[in-house]
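1. Return a 3D structure for these sequence lines:
(2 chains)
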Amino acid sequence: AQSVTQLDSQVPVFEEAPVELRCNYSSSVSVYLFWYVQYPNQGLQLLLKYLSGSTLVESINGFEAEFNKSQTSFHLRKPSVHISDTAEYFCAVSVSNAGGTSYGKLTFGQGTILTVHP
Amino acid sequence: NAGVMQNPRHLVRRRGQEARLRCSPMKGHSHVYWYRQLPEEGLKFMVYLQKENIIDESGMPKERFSAEFPKEGPSILRIQQVVRGDSAAYFCASSPYIYEQYFGPGTRLTVT
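-> All right, here's what the predicted structure looks like:
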């Protein structure tokens, strides 16, 4: 079975400061990795994903995450945050066994609440 | 292309009543997933469906919960005889293929 650990439940930062939200996973098989963002009282929006290829993936709004297989991590970073980045962020994994029985279901971490202060 | 639609957005039920949650996937998406977000527990997978078929219901409670995705119409998550512990946000996600899921806004169920 897979598991995801988000090491920080809350991360407060000031506007324009850099931020890193940490995510570690545990799995005995290859996985795909995702970051989702959830604004208050809304659903989850896919921020970025790693399926294969380059281990560094980027979103359109300046976030990036790097897949590190040896450290089983997929930390999310942004060099300069904005007030509008305030939200809860979820790291998730799914097993990448094409033809297997995972069916793409996601296992989520507990979430990290990012609060950006002016 | 409209996003994943869920209704109602908020649902209040008394203990013992039935709750029906509806999910309309994005156009062209044939895979539907249901997740539950309980307070202090995070998001948990419940069930995965394709049109007219339940593929994986390993996350569904064994009793009172059922799901369907008929050939026509939305996917339905049905909870019979609701209890206070069923109070949660229920999210539906749809996918054109199984490794990219798009979430709806959720239905927040409150059991009184």
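
2. correct me, but residue A:67 touches residue A:34?
-> No: counting by Cβ atoms under 8 Å, residue A:67 stays clear of residue A:34, with 11.0 Å between them. Placement of C-beta: from N, CA and C, glycine included.

3. ok, these two, which is more surrounded?
-> residue A:34 (27 against 21; other Cβ atoms under 10 Å in any protein chain shown).

4. separation between the more buried one and residue B:11?
-> Computed with Cβ to Cβ, to the nearest Å, the distance linking residue A:34 and residue B:11 is 28 Å.

5. do the same with residue B:94
-> Taking Cβ to Cβ, one finds residue B:94 at 20 Å from residue B:11.

6. next one: phi and psi at the closest residue to residue A:64 other than its chain neighbours?
-> Of all residues not flanking residue A:64 in the chain, residue A:58 sits nearest, at 4.6 Å (Cβ to Cβ, 6 or more residues apart in numbering or on different chains). Per-residue torsions, residue A:58: phi -130, psi 150 (degrees, to the nearest 10).

7. quick one: contacts for residue 109?
-> Just going to use chain A. Residue A:109 makes contact with A:4-6, A:23, A:90-92, B:42, according to Cβ atoms under 8 Å, 6 or more residues apart in numbering or on different chains.

8. switch to chain B, that's the one I care about
-> Remark: with contacts taken as Cβ under 8 Å, 6+ apart, residue B:109 is in contact with B:11-13, B:19, B:21, B:79, B:82, B:86-90.

9. overlap in contacts of residue A:67 and residue A:34?
-> residue A:50.

10. what does the model give residue 10 for pLDDT?
-> Because you didn't say which chain, this covers chain A. pLDDT recorded at residue A:10 is 96.

11. right idea, wrong chain: chain B
-> pLDDT, residue B:10: 96.

12. all strands in chain A, in order from the N-terminus.
-> A:3-6, A:10-14, A:19-21, A:23-26, A:31-38, A:44-50, A:56-58, A:64-68, A:73-78, A:87-95, A:107-108, A:112-117 (DSSP state E).
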